[in-house]
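K.L.:
coordinates only, no sequence provided:
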């Protein structure tokens, strides 16, 4: 005590040393609180400088009490966590602690207490005893996180809304995605022209409405979102965000894969896609188009909303989690798109490729806003570009097929050739894709030169037209040039004109009855109508000039009174032979359009019947009564009736010809 007294009476700064020494003495004595208080009174009476130590001692007592209370909380929390250890008895007895809300609250509170305990002792504690407590806390957290991983997985799976095709499509608000296939409208290959029909009023498919911003489907039962958030929050706070994201993204990836399967999108390699027959591939392409729209604007949008709700406290975690969840779904869609983009090109694939291009182009801004993974976005850009190139290349294949179609087999009846049927039906469908085609196509100098030099076109016609319109004008010019060449396969000049008239009329009607008229313009239509009239006039000259020459006065002796009977007989015989020959041949010819056929018959009648009636009226009296019927075989009315048999495509022969009236 003497030594202590000496120290207490020391010089400057002695008061601080006195307080520190006294405090240490009291703390070092493991005595009850009442004894410590008595010692404190003795110290303060010995030296008034020790009066302030009371507050220090009371403060230490308060801290000790709080530490003991915190330790009690930790031990209670640890007990709860150990009770739910995945390898423990409770785990085997209960499927999930989430089965009871009371269990959830208790368990998560226990986790909170352990997290708080760790944070506290990591700041204030030191020494061997502290390290032991820290190890216990770390072990408790590890056990808790293992449990919460399982609970998170279980909760995600259990609360995922079960989807099938009916519920998935039924959840689309204000949208009807229908794809009405018009298989057969475009033939399987260019050589099978005869298989193409004329249902040109139908589109290749009906594209349906666009998906609106408010289109959504519940991916997780809404009442479970808060519970999932509570679990994820504890895992992130405990430093287990990586494990949390792995569990979350793996479960949600599987859910998205299931949705794609419902939508008919299979996991196929590029090699597998390229081996699929066109008819089946066409069906898969249609399903892909639906799936892209639904996946981006509904499923991924819903996933993003779900991610944001569960991980709302961390922008980085939200972003990483969504990217990991969405990547597999998006890449599966893109892989199919890439396979189509590099498939062998053939004309019948163009419309479905354009559908795919439009679908991906339309959802790309939404995809870019949702997904921040640069690799995924880069891949999407690449596939979009690839589909655009595929569309351009496929259209070029179609143009080359038209340009190089050189079949030498004429249509026997002079009817419409399969080539314009194919081309015009194709173009009627293509005009509906003006927006994407205009962004993809261009007209080269070579195209302009060919239009001017080969087809006699005026390049100024092209200047005011859209890119697709220009290529369509070039394509129809090539078609018309090709038909001109094919008309030369007929030896009969009259049939050449019938063939050109039929095919030009068909082309004009297809243009008039579709949006092609807006593209090519009324002036184009007027010029082709003029061509049809020219072809009809050319037919009349080539077919009826010889017959009409027989009805002229020249060479038969002048007036009716002194006409040579022999010359008259020869004229009537020649006319009858001409008419019967025309009838025999041209009843087998075909003008398929009823209006055009009627107009052509009227034109013939206006040329022939008045001339025949006049000739018979002037000269029939010059023939002997008995012989008149032998040479004047037909009345004008007979001829009019027989003209009605022309151009029906059914060969006719005039048997047992006789006059029906005098």
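P.N.:
Done, it's in. Just so it is clear, the model here is predicted, and its values are computed rather than measured. Residues are numbered from 1 along each chain as shown.
K.L.:
count the residues that sit near residue 533.
P.N.:
12 (other C-beta atoms under 10 Å). The way it works is simple: take the backbone N, C-alpha and C, and place the C-beta from them, glycine included.
K.L.:
how is this protein carved up into domains?
P.N.:
1-51, 210-392, 418-534, 550-643 (automatic domain parsing).
K.L.:
how about those, which one is nearest residue 543?
P.N.:
Among these, the nearest to residue 543 by C-beta to C-beta is domain 418-534 (3.8 Å).
K.L.:
can you measure across that closest one, start residue to end residue?
P.N.:
By C-alpha to C-alpha, to the nearest Å, the extent of domain 418-534 from end to end equals 23 Å.
K.L.:
looking only at pLDDT, what's the mean for it?
P.N.:
Averaging pLDDT along domain 418-534 gives 87.
K.L.:
next: stretch 110-123.
P.N.:
82.
K.L.:
contacts for it next, please.
P.N.:
70, 73-74, 76-78, 80-81, 130, 133-134, 137-138, 140-141, 144, 148, 234, 237-238 (C-beta atoms under 8 Å, 6 or more residues apart in numbering).
K.L.:
those, buried ones only, as a ChimeraX selection?
P.N.:
Under the burial definition 16 or more other C-beta atoms under 10 Å, those of these that qualify are selected in ChimeraX by:
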select :73,74,77,78,80,81,133,137,140,141,144,148,234,238
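K.L.:
distance of residue 543 from residue 635?
P.N.:
22 Å (C-beta to C-beta, to the nearest Å).
K.L.:
those two: which is more packed in?
P.N.:
The neighbour count for residue 543 versus residue 635, taken as other C-beta under 10 Å, is higher for residue 543 (22 against 16).
K.L.:
next helix or strand past the helix or strand where residue 424 lies?
P.N.:
Using DSSP states H and E, the element containing residue 424 is helix 418-430. Using DSSP H and E, the helix or strand that follows helix 418-430 in sequence is helix 434-440.
K.L.:
low-confidence ranges, the chain, go.
P.N.:
1-70, 86-95, 97, 123-129, 165-217, 443-462, 557-563, 625-626, 655-662 (pLDDT under 70).
K.L.:
can you list the domains of the chain in CSV and add distance to residue 156?
P.N.:
Shown next, in CSV, are the domains of the chain (distance: least, C-beta to C-beta, whole Å):
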stretch, distance to residue 156
domain 1-51, 53
domain 210-392, 4
domain 418-534, 40
domain 550-643, 65
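K.L.:
can you tell which of those is closest to residue 162?
P.N.:
Closest to residue 162 of those, according to C-beta to C-beta: domain 210-392, at 9.4 Å.
K.L.:
not counting its neighbours along the chain, what's nearest residue 556?
P.N.:
Take residue 556 and drop its neighbours on the chain: the residue closest to it by C-beta to C-beta, 6 or more residues apart in numbering is residue 567, 4.0 Å away.
K.L.:
okay but that neighbour is in contact with residue 555, surely?
P.N.:
Yes. The criterion here is C-beta atoms under 8 Å, and residue 567 meets it with residue 555 at 6.3 Å.
K.L.:
what's the burial count for residue 229?
P.N.:
Counted with other C-beta under 10 Å, residue 229 comes out at 15.
K.L.:
ok, the closest residue to it other than its chain neighbours - contacts?
P.N.:
Leaving aside its sequence neighbours, residue 229 sits nearest to residue 310 (C-beta to C-beta, 6+ apart; 4.9 Å). Neighbour list for residue 310: 225, 228-229, 232, 248 [criterion: C-beta under 8 Å, 6+ apart].
K.L.:
could you do residue 378 as well?
P.N.:
Here residue 378 is in contact with no residue (C-beta under 8 Å, 6+ apart).
K.L.:
ok so, going back, for residue 103, find the nearest of the domains of the chain.
P.N.:
Per C-beta to C-beta, nearest to residue 103 of those: domain 210-392, 11.9 Å.
K.L.:
hmm, which of the contacts of residue 310 are the buried ones?
P.N.:
Those of the contacts of residue 310 that meet the buried threshold are 228, 232, 248, by 16+ other C-beta under 10 Å.
K.L.:
closest one of those residues to residue 438?
P.N.:
residue 248 (43.9 Å).
K.L.:
picking that back up, to residue 411, which of the domains of the chain lies closest?
P.N.:
Proximity to residue 411, assessed across those by C-beta to C-beta, is greatest for domain 418-534 (7.0 Å).
K.L.:
show me how far the closest one is from its chain's centre.
P.N.:
30 Å (C-alpha atoms, centre = their mean, to the nearest Å).
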